[in-house]
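A.B. asks: Fold the following and give me the result.
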Amino acid sequence: MTTFVLVHGSYQGGWIWQPVARQLRGQGHEVYAPTLDGCAERAGNLRPGITVETQAAEVAQFLFYENLHDVVLVGTSSGGMVMAKTAEAARDRVGRLVFADALALRHGEKISDIVSRPSAVNTELSLGPSREDAEGRLFADLDPELRAWAVERYTLHPIAIHKQPVDLDTFWSQDWDAKVIYCQRAPNPGEAHQRRCAEALGASWHELDTGHYPMLSASDALAQLIVDG
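C.D. replies: Take a look at the predicted model:
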């Protein structure tokens, strides 16, 4: 049995991992898919000061209090940054990393250095797509029923996650057992960015012929890639 902690990305919550989590649990694995601070059902907690580092600190504390060891961390989209910071903070509890079409920023970079598309909705504390944009662009390649399910659940994301540079002082200088999964139909974060990650970590490279939400559009294939060491 393997312990998996699945880290979601922007405009998401732990809900987005439900199909993958169901398959992994069906194989006998222990699976956690926490919703990050200020997101989804925790959007009521939105406030100044929610950053990659604070979200990662919370996940690292979760690993500690649940006494989890040799964990496989899986991050997608901006969750790749949270995953990396969590791994840096809880190195002795992490066995393997999986970047699933994930952002893998270097120390001092921010999302806007990699993804330049503006957000339709911007507030003092959050940003993200409009409902129309979420339906017509973010989740456009999903089956209609699944798209409607996802659109009902997406939320704006804490703004500092996108605007502030990440603090990854030691992550890139450490040795990791890592895997990078590139989604061929996703324009962002893009192949070049993810190949940079794979080359820097000496990670294995895998591709899926799907969009940026493989946990919904290709859950069977993604679950198998996550399980395979």
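A.B. asks: in the chain, which spans are helices?
C.D. replies: 18-26, 52-65, 79-89, 131-133, 144-151, 159-163, 191-201, 214-217, 219-227 (DSSP state H).
A.B. asks: Give me the helices and strands touching the longest one, please.
C.D. replies: To tie it back to what came earlier, the one meant is helix 52-65. strand 3-7, helix 79-89, helix 159-163 (3 or more Cβ pairs under 8 Å, 6 or more residues apart in numbering; DSSP states H and E). Glycine gets a C-beta too; all of them are placed from N, C-alpha and C.
A.B. asks: Out of those, which is the most enclosed?
C.D. replies: When those are scored by mean count of other Cβ atoms under 10 Å, the highest mean neighbour count falls to helix 79-89 (a mean of 27).
A.B. asks: How far does stretch 22-31 stretch from one end to the other?
C.D. replies: Taking Cα to Cα, to the nearest Å as the measure, stretch 22-31 stretches 9 Å from start to finish.
A.B. asks: contact partners of that stretch?
C.D. replies: Residues outside stretch 22-31 that contact it (Cβ atoms under 8 Å, 6 or more residues apart in numbering) are M1, T2, T3, F4, V5, L6, A21, S219, D220, A223, I226, V227.
A.B. asks: and the lowest-mean-pLDDT helix or strand in the chain, which strands flank it?
C.D. replies: Sorted by mean pLDDT, DSSP states H and E, the helices and strands of the chain end with strand 121-122, the least confident at a mean of 89. Sheet pairing of strand 121-122 (DSSP bridges) gives strand 126-128 (antiparallel).
A.B. asks: Check which residues of the strand it pairs with are buried.
C.D. replies: Residues S126, L127, G128 are the ones in strand 126-128 that count as buried (16 or more other Cβ atoms under 10 Å).
A.B. asks: what's Q55 in contact with, if anything?
C.D. replies: L36, D37, G38, V82, K85, I161 are the contacts of Q55 under Cβ under 8 Å, 6+ apart.
A.B. asks: roughly how far apart are it and A40?
C.D. replies: 13 Å (Cβ to Cβ, to the nearest Å).
A.B. asks: Quick check: which ranges of this protein have low pLDDT?
C.D. replies: The model of the chain has pLDDT under 70 over residues 118.
A.B. asks: One more pass at 50, please.
C.D. replies: Nowhere does the chain drop to pLDDT under 50.
A.B. asks: For stretch 168-180, measure first residue to last.
C.D. replies: 18 Å.
A.B. asks: Over to stretch 36-50?
C.D. replies: 10 Å.
A.B. asks: now stretch 131-141
C.D. replies: 15 Å.
A.B. asks: Show me which parts of it are buried, residue by residue.
C.D. replies: Neighbour-count burial for stretch 131-141 [16+ other Cβ under 10 Å]: D133, A134, E135, L138, F139.
A.B. asks: In contact with V71, which residues?
C.D. replies: T3, F4, V5, L63, R93, V94, G95.
A.B. asks: same deal with G38?
C.D. replies: So G38 contacts N45, L46, R47, I50, Q55, S126, H157, P158 (Cβ under 8 Å, 6+ apart).
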